[in-house]
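Asker: From the sequence below, what's the structure:
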Amino acid sequence: MSQLEVTLTCIECGSGIHVHPSREAKNAKCDVCETLNPVTFNEDHEKGIVKDCPKCGRKDFFKQKDFNRKIGVGLFVIGAVSVPVFILLDVGFPWIYSVFFVMVFLDILLYFILPLVVVCYKCQTIFRGVSNIDDIYGFNHEMNDRIVYSDHDFQGKQLDH
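Answerer: Here you go, the predicted structure:
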């Protein structure tokens, strides 16, 4: 059995649904609204290999650090708000620089600590514990825009100019 964990977004309420792949599963039930979300897992998913999305069926994925975006925005806001506060309190520039260096240190620390996840461009399904993660490319803005805004299907091939 694979270590793969899949996080789907509920089609009804938008909550995260955490499931482990099983070919027998035809639906993933939302714990919040109890809506059944259709899924199609295959043998690759059970082995931890991501080649197609069990939610939307697409083959276009990217990898990124497993970082909670709300925490990232929170850290940015803390850094952005603390500088004007230190200026108003007239504590001097060493304190302002120290806030900057603390934020940079936290960013670097998180970069090295956090594992990679794979994300579906189309439906934003997240895959943790992917065994073929080295085969997945990083985020590509042009691919994302073409998929999201014009429903282009790259069939799993990387866009390269």
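Asker: Any buried residues in stretch 25-37, and which?
Answerer: Buried residues in stretch 25-37, counted by 16 or more other Cβ atoms under 10 Å: 25, 28, 30, 37. Any C-beta I mention is one placed from the backbone N, CA and C, and that applies to glycine too.
Asker: ok, and for the helix or strand containing Pro84, which residues are buried?
Answerer: Per DSSP states H and E, Pro84 falls inside helix 69-88. For helix 69-88, the neighbour count (16+ other Cβ under 10 Å) marks 79, 82, 86 as buried.
Asker: And stretch 36-49, by the same measure?
Answerer: With the criterion 16+ other Cβ under 10 Å, stretch 36-49 contains buried residues 37, 39, 41, 44-45, 48-49.
Asker: Just give me how far that stretch sits from the chain centre.
Answerer: Relative to its chain's centre, stretch 36-49 lies at 18 Å (Cα atoms, centre = their mean, to the nearest Å).
Asker: Count the neighbours of Ile17 for me.
Answerer: 21 (other Cβ atoms under 10 Å).
Asker: partners of the helix or strand encompassing it in the sheet?
Answerer: Per DSSP H and E, Ile17 falls inside strand 16-19. Here strand 16-19 is paired, per DSSP bridges, with strand 5-9 (antiparallel).
Asker: At which residues are the strands of this structure located?
Answerer: Ranges of strands in the chain, per DSSP state E, are 5-9, 16-19, 27-29, 36-38, 61-65, 116-120, 126-128.
Asker: circling back: identify the farthest-apart pair in the buried residues of stretch 25-37.
Answerer: Ala25 and Cys30 (13.8 Å; Cβ to Cβ).
Asker: ok, the buried residues of stretch 25-37 vs Asp145, which is closest?
Answerer: Using Cβ to Cβ, the buried residues of stretch 25-37 come closest to Asp145 at Asn37, 26.0 Å.
Asker: List the residues that contact that closest one.
Answerer: Neighbouring residues of Asn37 by Cβ atoms under 8 Å, 6 or more residues apart in numbering: 8, 10-11, 17, 27-30, 55.
Asker: would you list the residues you listed in CSV and tack on distance to His141 and pLDDT?
Answerer: Converted to CSV, the contacts of Asn37 look like this (distance: Cβ to Cβ, whole Å; pLDDT from 0 to 100):
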residue, distance to His141, pLDDT
Leu8, 24, 95
Cys10, 27, 95
Ile11, 26, 94
Ile17, 28, 96
Asn27, 33, 95
Ala28, 30, 95
Lys29, 34, 95
Cys30, 31, 95
Lys55, 23, 96
